[in-house]
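>>> all I have is the shape, not the residue letters:
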């Protein structure tokens, strides 16, 4: 089961949060949930990742047609599968169906699948993945439907400054999402946009994971006070392996 008592989440960082990295934060670092990924799924997203790597940025390398084997290998390294979020870069429901068919055959434990509508790398966006999915709402809904056809929980990660919150809530309100993971950065706002998180928490009846600029217990508490059920940390966790323990002892 997802850990409801510990509201902390290690967020995805492409090329960094693999199975070994996440395992340490789960067993030693004190995180309630850990994300591995984002992993590219399908020929186009894999090609985009290869292009990104060619310009020197870290990425996860998967082989087209063998994605599930690579994912299973990383999931198993975490050891506590029911506290893992698997962040996936997808740009089509066909690729989602391919992944879900194979994953359900090999994983019986609880797992959260996270749709990456957050990546802004141009190679990904150009092919309709990452934050481009927010402009392809019908495709995004189809991906959600496909993933929800399994027994896995489904999360969607977005950049809150890329959408009209009221319109977006209307668009996804009838989906079966289990979590909405919001990077609440907004231009001109220093730190976390708490007003944005409050709006989503008050108007959407699914658990919110609040993300952006959380570096201490004060930041985490501010996020939780908006009504968000969880807070997530990415870059700050890379700098401080004990950041979750440090924050949680003050919550």
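Ah, there it is. Everything numeric in this text was worked out from a predicted model, so none of it was measured.
>>> any idea where the helices of the stretch 151-251 of the chain begin and end?
For the stretch 151-251 of the chain, applying DSSP state H, counting those that start in this stretch gives helices covering 165-172, 194-203, 217-225, 235-239, 243-248.
>>> in TSV, list the ones you listed along with mean pLDDT, mean neighbour count and distance to residue 26.
The C-beta positions use only the backbone N, C-alpha and C, and glycine is treated the same way. Below are the helices of the stretch 151-251 of the chain laid out as TSV (pLDDT from 0 to 100; neighbours: other Cβ atoms under 10 Å; distance: least, Cβ to Cβ, whole Å):
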stretch	mean pLDDT	mean neighbour count	distance to residue 26
helix 165-172	96	14	29
helix 194-203	97	18	25
helix 217-225	97	18	18
helix 235-239	94	15	12
helix 243-248	96	20	10
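>>> distance to residue 54 for those - can I get that in CSV?
CSV is the format used below for the helices of the stretch 151-251 of the chain (distance: least, Cβ to Cβ, whole Å):
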stretch, distance to residue 54
helix 165-172, 33
helix 194-203, 35
helix 217-225, 36
helix 235-239, 23
helix 243-248, 32
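>>> which stretch among those comes nearest residue 149?
Closest approach to residue 149 among the helices of the stretch 151-251 of the chain (Cβ to Cβ): helix 165-172, 17.0 Å.
>>> name the nearest residue to residue 133, ignoring sequence neighbours.
If you skip the residues right next to it in sequence, residue 133 has residue 117 as its closest partner in space, 4.2 Å away by Cβ to Cβ, 6 or more residues apart in numbering.
>>> just checking, residue 101 is part of a helix?
Yes - secondary structure of residue 101, determined by DSSP: H, G, I helix; E, B strand; the rest coil: located in a helix.
>>> please tell me how far the residue nearest to residue 133 sits from residue 221.
From residue 117 across to residue 221, the span is 27 Å (Cβ to Cβ, to the nearest Å).
>>> cool, residue 249 as well?
Distance, residue 249 to residue 221, by Cβ to Cβ: 12 Å.
>>> same thing with residue 81?
Applying Cβ to Cβ, the value for residue 81 to residue 221 is 29 Å.
>>> likewise residue 250?
For residue 250, the distance to residue 221 - Cβ to Cβ - is 8 Å.
>>> before we move on, what about residue 143?
Distance of residue 143 to residue 221, given as Cβ to Cβ: 33 Å.
>>> my read is that residue 104 contacts residue 151, right?
Yes - with the criterion set as Cβ atoms under 8 Å, residue 104 and residue 151 qualify as a contacting pair; they are 7.3 Å apart.
>>> quick one, which of the two is more surrounded?
For residue 104 against residue 151, the residue with the higher neighbour count under other Cβ atoms under 10 Å is residue 104, and the figures read 14 against 11.
>>> with adjacent residues omitted, what lies nearest to the more buried one?
residue 150 (5.1 Å).
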